[in-house]
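Novice: Sharing a sequence plus its predicted fold:
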Amino acid sequence: MKSCDRRARRALLAAALLALVAACRTAAHDEAPSVDLRAADPGYFRLIEKRINRNWGPRRPGAPGDITGAYDRTGGGIVVVSFSIGKKGEILGSPGVEESSGSDFLDGEALRAVTSAAPFPPLPPSIGTDRVDLLWRFEHTPSRGRSE
């Protein structure tokens, strides 16, 4: 009777392990291949960087889209945003905050910088994939002694 229990447990364990391996293969198949965008195509990376940087920076009071006084109350911080660029340069899905600065305002500004920069140029063939997943780091240091 003990050998039947062992065989049944082994069969159950083997079936569970097989299901787990199949699930891992499916997940890995759906993920974009790992690509170092800076190394794969430095020119394309600089285009992306330039477009995002043009949109980054907490809007100063009086600027279009100003959230009155939010800039003045915001301390420094680092925000990390994740997003994916598709083959045609479109953002796939919604960008998300991976690491918060602790300020909803700064986190929102980082998300705005990414979404406002899109669409990006189409992915170059040199990258060898139809999608690139990125983590983008934003840093804000409040200016000191700013005159009003």
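Specialist: Done, it's in.
Novice: Could you measure from the closest residue in space to Gly76 that isn't next to it in sequence over to Arg131?
Specialist: The shortest distance from Gly76 to any non-neighbouring residue, by C-beta to C-beta, 6 or more residues apart in numbering, is to Thr141 (4.7 Å). From N, CA and C alone the C-beta is placed, and that goes for glycine too. Going from Thr141 to Arg131 by C-beta to C-beta, to the nearest Å gives 33 Å.
Novice: Return the set of buried residues in stretch 86-101.
Specialist: Buried residues in stretch 86-101, counted by 16 or more other C-beta atoms under 10 Å: Gly86, Ile91, Pro95, Val97, Ser101.
Novice: quick revisit: Thr141 and Arg131 - which one has more neighbours?
Specialist: Arg131 (15 against 9; other C-beta atoms under 10 Å).
Novice: which helices and strands does the helix or strand harbouring Arg112 pack with?
Specialist: Taking DSSP states H and E as the criterion, Arg112 maps to helix 104-117. Contacts defined by 3 or more C-beta pairs under 8 Å, 6 or more residues apart in numbering; DSSP states H and E place helix 104-117 against helix 42-55, strand 77-86, strand 91-99, strand 131-140.
Novice: OK, contacts around Leu47?
Specialist: The contact partners of Leu47, taken as C-beta atoms under 8 Å, 6 or more residues apart in numbering, are Phe120, Pro121.
Novice: brain fart, Ser84
Specialist: Neighbouring residues of Ser84 by C-beta under 8 Å, 6+ apart: Ala32, Ile91, Leu92, Gly93, Arg131, Val132, Asp133, Leu134.
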